[in-house]
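>>> below are the sequence and a predicted model; questions follow.
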Amino acid sequence: MANNEFPALSGKEFLIMELLESNGEMFGLEMVDRSEGELKRGTIYVTLGRMLDKELLESWEQKGDNGAGPRVMYSATDRGKRIFKAQEIALKYLNMGGW
């Protein structure tokens with residue numbers, strides 16, 4: 001990415017950041033459940049992987065409850081939070097609302 005290029009989030013990335021901003025750390029299927037149909041089971045982990053590659057998120061494994069297997073938890077990095085806030089402000093300024 002060029003230094004002068006605005007680091008924009010896709011619609012799904014913006015929604016994930018919005019969910020993490022309002023709920024704190026979450027696991028992938030929890031995001032699907034809370035997205036009101038916007039995120040799908042088949043694509044959530046591809047999007048999360050892309051966001052990890054862009055250093056927008058960090059992840060770690062958490063032990064499952066009641067004998068359930070471990071799950072991967074996600075939270076926004078400082079970089080991810082800054083990009084999300086900048087895009088949120090830009091969208092409001094342009095009177096475009098959200099995605």
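Ah, there it is.
>>> biggest helix in this structure by residues?
When every helix of the chain is counted residue by residue (DSSP state H), the longest turns out to be helix 78-93.
>>> now what about that one, what contacts it?
With contacts defined as CB atoms under 8 Å, 6 or more residues apart in numbering, helix 78-93 is touched by 6-9, 14, 17-18, 21, 51, 55-57, 76, 97-99. C-betas here are computed from N, CA, C, even on glycine.
>>> if I look at the closest residue to residue 10 other than its chain neighbours, how far off is residue 64?
Distances taken as CB to CB, 6 or more residues apart in numbering put residue 47 closest to residue 10, at 7.8 Å, once the chain neighbours are dropped. Using CB to CB, to the nearest Å, one gets 22 Å for the distance from residue 47 to residue 64.
>>> the more surrounded of those two?
Each of residue 47 and residue 64 has its neighbours counted (other CB atoms under 10 Å); residue 47 has more, 19 against 11.
>>> residue 32 versus the more buried one, what's the distance?
11 Å.
>>> show me where the protein has its helices.
Using DSSP H, helices in the chain cover 11-23, 28-34, 41-53, 78-93.
>>> CA atoms of the last one as PDB?
Just to be clear, that refers to helix 78-93. Output of helix 78-93 as PDB, limited to C-alpha atoms (Å, rounded to 0.1, in the frame of the first residue of the first chain):
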ATOM      1  CA  ASP A  78      -4.600  -0.400  17.700                       C
ATOM      2  CA  ARG A  79      -4.000  -0.100  13.900                       C
ATOM      3  CA  GLY A  80      -7.400  -1.700  13.100                       C
ATOM      4  CA  LYS A  81      -9.200   0.600  15.600                       C
ATOM      5  CA  ARG A  82      -7.600   3.700  14.000                       C
ATOM      6  CA  ILE A  83      -8.500   2.700  10.500                       C
ATOM      7  CA  PHE A  84     -12.000   1.800  11.600                       C
ATOM      8  CA  LYS A  85     -12.500   5.200  13.400                       C
ATOM      9  CA  ALA A  86     -11.000   7.100  10.400                       C
ATOM     10  CA  GLN A  87     -13.400   5.400   8.000                       C
ATOM     11  CA  GLU A  88     -16.300   5.800  10.300                       C
ATOM     12  CA  ILE A  89     -15.600   9.600  10.500                       C
ATOM     13  CA  ALA A  90     -15.100   9.800   6.700                       C
ATOM     14  CA  LEU A  91     -18.400   8.100   6.100                       C
ATOM     15  CA  LYS A  92     -20.300  10.400   8.500                       C
ATOM     16  CA  TYR A  93     -18.600  13.400   7.000                       C
END
